[in-house]
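Undergrad: Here is a sequence together with a model predicted from it:
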Amino acid sequence: MTFFNYFQIALVVIVVCVIAIRAISSWIATGVNPIVVGRGQGSWRVLEFFSFLAVIVWVIEVLLRALGSRFEIFPGAVGVAQLHTPAVRIVGVALLMIGMVPFILAFVNFGTSWRIGIDRKTPGTLVTTGIFAFTRNPIFVAFILFFFGIFLINGTWFFLIFALLAVLAIHFQIRREEDFLRKQYGADYAEYHRRTARYLIW
């Protein structure tokens, strides 16, 4: 295996472990399950479920390609040949490393307020400090960088299409969360929304 393969495996392992450890520790500390995917209303519940399933498929495909498995969900023949260069892959690694910064800081700053999905029954407190003073959605920013970084390392149409669709899905999810937070926290969130970027500069 190459450095790029090891790097992808390390990224997936770190991200999964951080999320799992944070979810378990938060659940133990508060008694509240922070994973609330699938609790949306109507068609949103179905979309949340399929989005979650799509991320699982993405993780499996990353691992299969990194491990050099003969079995691939999406064959390498659908690769974007022009992007199979060391320079492009190095840019991909850089995006993954940059993405780890907001990802880790978000979990540090979130405390027990972190959720996967919109928790209407037991929402945490509004977090506006630390990395959240620079972006309202540091974890989503991190995942966007992860998705495009993995695409640049592997250079297949699957990872490109997934990254583009993920950006759209993330944007719509953020808009949903903004509506919820505006109703939940009122003026406090309105002021935070006014002074802090949704991503980094927008």
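TA: Structure received.
Undergrad: Now do the same for Val32: its pLDDT.
TA: Per-residue pLDDT puts Val32 at 87.
Undergrad: just use 9 as the starting number from now, easier for me
TA: Yep, numbering from 9; the last one is Val40 now.
Undergrad: and it, what does it touch?
TA: Shown in contact with Val40 (Cβ atoms under 8 Å, 6 or more residues apart in numbering): Ser34, Thr120, Asp127, Thr130. Using the backbone N, CA and C atoms, a C-beta is placed for each residue, glycine as well.
Undergrad: Closest to Leu176 out of those?
TA: Asp127 (23.2 Å; Cβ to Cβ).
Undergrad: Next, the contact list for the residue most central in space within the chain, please.
TA: The structure's the chain has its C-alpha centroid closest to Phe151; by Cα atoms, centre = their mean the separation is 3.3 Å. For Phe151, the contacting residues are Gly107, Phe111, Ala174, Ile178, by Cβ under 8 Å, 6+ apart.
Undergrad: helix or strand for the last one, which one?
TA: In this structure, Ile178 sits in helix 165-203 according to DSSP states H and E.
Undergrad: list the buried ones in that helix?
TA: By 16 or more other Cβ atoms under 10 Å, the buried positions in helix 165-203 come out as 166-168, 170-171, 174, 177-178, 181, 184-185, 189, 193, 197, 200-201.
Undergrad: now swap in stretch 56-63 and tell me
TA: Result for stretch 56-63 [16+ other Cβ under 10 Å]: buried residues Glu56, Ser59.
Undergrad: What of stretch 28-48?
TA: Neighbour counts over stretch 28-48 (16+ other Cβ under 10 Å) mark Arg30, Ala31, Ser34, Pro42, Ile43, Val44, Gly48 as buried.
Undergrad: who's the fifth one bridged to?
TA: When assigned by DSSP bridges, Ile43 has beta-bridge partners Ile124.
Undergrad: correct me, but it touches Trp122?
TA: No - under the criterion of Cβ atoms under 8 Å, Ile43 makes no contact with Trp122, lying 10.0 Å away.
Undergrad: which secondary element of this structure has the worst mean pLDDT?
TA: helix 51-74 (a mean of 86; mean pLDDT, DSSP states H and E).
Undergrad: Between helix 165-203 and that one, find me the angle.
TA: Using axes from the mean of the first three to the mean of the last three Cα atoms, to 10 degrees, one finds that helix 51-74 and helix 165-203 are set 130 degrees apart in direction.
Undergrad: so what does helix 51-74 touch, helix or strand wise?
TA: If you count contacts as 3 or more Cβ pairs under 8 Å, 6 or more residues apart in numbering; DSSP states H and E, helix 51-74 packs onto helix 11-38, helix 146-162, helix 165-203.
Undergrad: Output these in TSV; the columns should cover distance to Thr136.
TA: As requested, these are exported to TSV (distance: least, Cβ to Cβ, whole Å):
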stretch	distance to Thr136
helix 11-38	19
helix 146-162	12
helix 165-203	5
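Undergrad: For Ala95, find the nearest of those.
TA: It's helix 146-162; of the helices and strands packed on helix 51-74, that one is closest to Ala95 (Cβ to Cβ) at 9.8 Å.
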